[in-house]
Each structure stands twice: as structure tokens, then as C-alpha cells.
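> all I have is the shape, not the residue letters:
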């Protein structure tokens, strides 16, 4: 059966009602599934109370040691465990993991070039512990991955959740058919960013180039779609992009944008 | 092979050097093993910064909602994940779990009698997910359990780590031979509390009663030893109590107090 690798971001995590509704739908999905979650505003709020101010260089957040401890607490603890606990209550046997757990997400600390991003990791897709994930999904468990990876030296690292989802989906595609689902705050890739109903139903590498050339696809979406196309080229059956509220329809291809 | 269920408390967790040394020894132990960890002063420190003051009734800490979120962050996130990451660096394939993960530690919220302890759980030993723990140790993984359990309603609950260790050891003893090891700040149960070398090498239920009657065993140790005796009666092969610095010798029965 097809494995669903589903990614949610801060926009859902920050909204208790939306999150609960999303998790109920996720819990009810049949077949093997993995959830990858991002961060959310709560980390910034808690950080502020602890005297940890966000530090940005070129629009990218720098992860210094206090920020790393903060995200381990919030992403790996508060968010991950509350998601798992809710899924359990909804009848889904979830198991929360950071990249350290079972060394499931090995990474390299990003090399310092013009910017030192601090404790930020680039996931090593070839080393994702697919055996562990396979064993868990075969036991009808749903791994819930926090956006934290692990380097060889035993340091946890802050890693983008979109990239983790892509790497996990790609790595797992060598063992079973995989669909990657990116949930975000729009109903899909839009032809007209002002019109939520102008969802482009499917994109391939050729139409992607055209949409970029025509200026239809904007800056924020370009890396997401490049990731998606890369995943498809590397073996993922297809990638769906759409709204978290429409998870059920996204899975079955009845909503959102399909990248194949 | 005998399963080792090893419990460490705040006194080790709060000391970075001692913790690193302990984890190196733990990582090198052959055979199946499970680590159960307690809290530590860091939760109180972080709580204070977040404006969460500890609230005690009759010497017992009350877990209100902000305190629950705090311990999920600190026990389930910061402490658990840093222990796991360090174990991975030492070559031990650790996997950190709260009671919610794989519903490994089901509990009931403690009923309100004279005191409302808040979000505190009493673990249901009969429902410990022994299949999951067995599957993990059979894969040479070392589960690292945070002192958090899960109730049916999907709420995480704060639970004493000694009790978790006892329940896990007892539950696992139906599947394999188990030794339970309590590491604390003394070299064992002492004949003379002022003399660290007066370790009582072994205690059984008969000598326990005598030692209590003679006033040798003090109040703090009584519940720990009662737990230990209960575990032995329920199927755990033996319980060792001693200093974390002597883990290797505790395992082999060459240090500490043996309860059998």
C-alpha cells in the first residue's frame, strides 16, 4: 500500500482547532503514514519569555545554542508530544521522533560560508533510517517527525521541515510506493494569487518552467516546487500541495496541485 | 539475555560531566537495556524564567497546566532528546519515548481526594506496551523513557520515574528475565547514613522489616525499597540500588544493595 508522507507547518500548529481537526483526519487515514511537522509561533513566544530573541541574517533565522535548546524543548517536546498524544486519543498509534531517536534523520551541520547559521543541519537523505520507519509503519504505527536532525557528533540540529519531508519521502520510495503531501495555507498552487479557487491542478517540470517564466509562480513557491519535482524525479510517485483543511481530498487527488 | 531497566534521577541529570560519564557506561552495556530518567533542577529553573512557580501541597509538587507544558518541554524534549543524542554519539542506538509514543505508558489521572495533584498520572502496569519495548530492544535499540505517561483522553501526565521503572521492569518480566537498577546519589542502602562504605549488600523482605523496625532504613528509602520488593515479588529477577558512578559494578552485582 502507498505510504503517505504528510507535512504540516506552523500555520496549522498555531491554531488549536484547525490542528485538532487536521489530526482527526490524519488519524482516520488508512494505510501507512508519516507526519512531519514544522515549528510555529509558540517557539518565538516561549523564547521571548526565556530572553531568547530571534536572530535573523538575510531573512534566515540563526540557531545559536540557546535557540537550539529552545527548539528541542518546543519542537521535540511540547509540539511533538502534544500531537502524538492527540493522535493517540483519536485512535492512531503515533510515535514521536526527532532525528536523534533511532538516528532516524542523520545530518551534517551546515558549513560556515558567508553566514554561520549555527546549529542548523542539512539532512543526509541516503542515511535516513528507512528500516526503522518501515518497521514502525508495518506495525501500524505512525511516526511523527519533529524538524530536528542529528549530526555524527551527537548534536541535534534545527532543520527545515519541508526538506525533511522531501528527504524522508524520497528515501522511503526505495522500499514502497510513496506520496508526499505538503499542507500549507493555500488550496494549492494558484494561477492568480488573489483567487483561492484558481488552483492549478497539475504541474510537471515543463509546465513549471513556463509558469516561472510567466511570473505565475512567485518566489516563495519556487523552492517548494523545486523540492517537489526533485522528489518525483528521485522516485516519489507524486507530490500533492494544498490546504490542511482538505487533507482527505489531497490524499485522493481531489483537491490541491499534483506534481508528477 | 537479561534485560536491564535502569533508572537515573535529577542528581545525575543536573551534572553534565557525571551524566556524560554515566551515558558512556550505559552505551557500552551489552544486551537489551531500557533507561528511565527523572527530571532535575533545570525544569524549575526554566519554569521560573517562564513565570511558572513550583506549587507544593504536603511536599508533593502540583502539576497545573503550565507546569505540565513545562515538564513536557523539559523532560520530554530537552532532557530526553539530549540524552538520546549523546547515547547515539557513544554508539548506542537510543530512542526517546514519552508515555504517549506508541502509547507505551498508559496511566490514569490521579483521582482528586484530599489533594488535587493536577496532571499527575498513575501508570497502569498491566497496559505497558511491552510489545513495542520488546520489538525495540530486539532491534538493539535502547528505549529512553521520560517520566510522562498518557491517559485515555490523550493527555500527557507527570509521573514519578521510580514508579515507571518499577512498572516497566515488572511488565517486561513476563517476556524475558529482567534486572531493575536504581541509580541514586548513595552507593547503596547504608547501615550508617554517615558512612558511605556501610553499604548493605543484600536485603530481602524479612531483613527489610527488621531494618525498618531498627530504624536503620530511613523514611526516604522506605518507598524505594517497598517498590523494589514489590517488583521482585511480581517477577523481576532482582533489583540493584546504588550510585550512578558505579553502574558497571551495579549491573554485575559487585556494588550496591541487591534486593531479591
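Done, it's in. This one's a predicted model, so the numbers in the text were calculated from it and none came from an experiment.
> what's around the residue lying closest to residue A:248 once chain neighbours are set aside, how many residues?
Spatial nearest neighbour of residue A:248, chain neighbours left out: residue A:25 (5.6 Å); criterion: C-beta to C-beta, 6 or more residues apart in numbering or on different chains. Quick note: C-beta positions are derived from backbone N, CA and C, even for glycine. For residue A:25, the count of nearby residues is 18 (other C-beta atoms under 10 Å in any protein chain shown).
> flag every buried residue along the strand or helix carrying residue A:25.
Per DSSP states H and E: residue A:25 is located in helix A:16-28. Judged by neighbour count (16 or more other C-beta atoms under 10 Å in any protein chain shown), helix A:16-28 contains these buried residues: A:19, A:22, A:23, A:24, A:25, A:26, A:27.
> the first one: what's it in contact with?
Read that as residue A:19. Going by C-beta atoms under 8 Å, 6 or more residues apart in numbering or on different chains, residue A:19 touches A:12, A:13, A:83, A:86.
> how about 6 Å then?
Shown in contact with residue A:19 (C-beta atoms under 6 Å, 6 or more residues apart in numbering or on different chains): A:12, A:13.
> quick one: the strands in the stretch 51-200 of chain A, in order.
Assigned by DSSP state E, counting those that start in this stretch, the strands in the stretch 51-200 of chain A fall at A:56-57, A:60-61, A:94-97, A:107-109, A:121-123, A:142-145, A:148-150, A:156-158, A:178-184.
> pick out the shakiest of those strands, pLDDT-wise.
The stretch with the lowest mean pLDDT among those is strand A:60-61, at a mean of 74.
> can you add mean neighbour count and distance to residue B:255 and give the strands of the stretch 51-200 of chain A back as JSON lines?
Below are those laid out as JSON lines (neighbours: other C-beta atoms under 10 Å in any protein chain shown; distance: least, C-beta to C-beta, whole Å):
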{"stretch": "strand A:56-57", "mean neighbour count": "10", "distance to residue B:255": "52"}
{"stretch": "strand A:60-61", "mean neighbour count": "15", "distance to residue B:255": "48"}
{"stretch": "strand A:94-97", "mean neighbour count": "28", "distance to residue B:255": "35"}
{"stretch": "strand A:107-109", "mean neighbour count": "19", "distance to residue B:255": "39"}
{"stretch": "strand A:121-123", "mean neighbour count": "23", "distance to residue B:255": "40"}
{"stretch": "strand A:142-145", "mean neighbour count": "25", "distance to residue B:255": "39"}
{"stretch": "strand A:148-150", "mean neighbour count": "29", "distance to residue B:255": "33"}
{"stretch": "strand A:156-158", "mean neighbour count": "27", "distance to residue B:255": "33"}
{"stretch": "strand A:178-184", "mean neighbour count": "25", "distance to residue B:255": "51"}
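> so which residue of chain A comes closest to chain B?
Chain A approaches chain B most closely through residue A:77 (2.1 Å), counting by C-beta to the nearest C-beta.
> doesn't residue B:75 make contact with that residue?
No. Under the criterion of C-beta atoms under 6 Å, residue A:77 makes no contact with residue B:75, lying 7.7 Å away.
> quick check: residues of chain A near chain B?
Within chain A, the positions near chain B by C-beta under 6 Å from any C-beta of the partner chain are A:49-50, A:72-73, A:76-78, A:81, A:84-86, A:88-89, A:95-96, A:98, A:100-103, A:150, A:154, A:156.
> could you check the angle the helix holding residue A:25 makes with strand A:178-184?
Here the directions of helix A:16-28 and strand A:178-184 differ by 170 degrees (axes from the mean of the first three to the mean of the last three C-alpha atoms, to 10 degrees).
> and the very next helix or strand once past helix A:16-28, what's its mean pLDDT?
Helices and strands here follow DSSP H and E; after helix A:16-28, the next one along the chain is strand A:33-37. Averaged over strand A:33-37, pLDDT sits at 98.
> and strand A:33-37, what does it pack onto?
Helices and strands touching strand A:33-37, by 3 or more C-beta pairs under 6 Å, 6 or more residues apart in numbering or on different chains; DSSP states H and E, are strand A:3-8, strand A:142-145, helix A:161-172.
> ok, which of those comes nearest residue B:142?
Among the helices and strands packed on strand A:33-37, the nearest to residue B:142 by C-beta to C-beta is strand A:142-145 (18.0 Å).
> residues in contact with that closest one: which ones?
A:33-36, A:83-84, A:92, A:94-97, A:133, A:136.
> what's the end-to-end length of stretch A:152-161?
Stretch A:152-161 has an end-to-end distance of 20 Å (criterion: C-alpha to C-alpha, to the nearest Å).
> please disregard the earlier target; I meant stretch A:147-167.
Across stretch A:147-167, first to last residue, C-alpha to C-alpha, it's 12 Å.
> pull out the buried residues from it.
Going by 16+ other C-beta under 10 Å, stretch A:147-167 has these buried residues: A:147-151, A:154-167.
> neighbours around residue A:115, how many?
Residue A:115 has 12 nearby residues by other C-beta under 10 Å.
> actually residue A:204, not the one I typed
12.
> residue A:145 versus the spatially closest residue to residue A:142 that is not a sequence neighbour, what's the distance?
With sequence-adjacent residues excluded and distances taken as C-beta to C-beta, 6+ apart, residue A:142 is closest to residue A:94, at 4.7 Å. As judged by C-beta to C-beta, to the nearest Å, residue A:94 and residue A:145 stand 11 Å apart.
> pretty sure the residue nearest to residue A:142 is touching residue A:87, no?
Yes. Residue A:94 is within contact range of residue A:87, at 3.8 Å (criterion: C-beta under 6 Å).
> and chain A, what are its domains?
A:1-176, A:184-260 (automatic domain parsing).
> what's near enough to touch the nearest residue to residue A:125 once chain neighbours are set aside?
Excluding the flanking residues, the one nearest residue A:125 by C-beta to C-beta, 6+ apart is residue A:167, at 4.1 Å. By C-beta under 6 Å, 6+ apart, the residues touching residue A:167 are A:123, A:125, A:128.
> mind redoing it with 8 Å?
A:105, A:123, A:125, A:128.
> which one of those residues has the most neighbours?
residue A:105 (32 neighbours).
> residues in contact with that one?
A:98-99, A:123, A:128-129, A:145, A:148-150, A:159, A:164, A:167-168.
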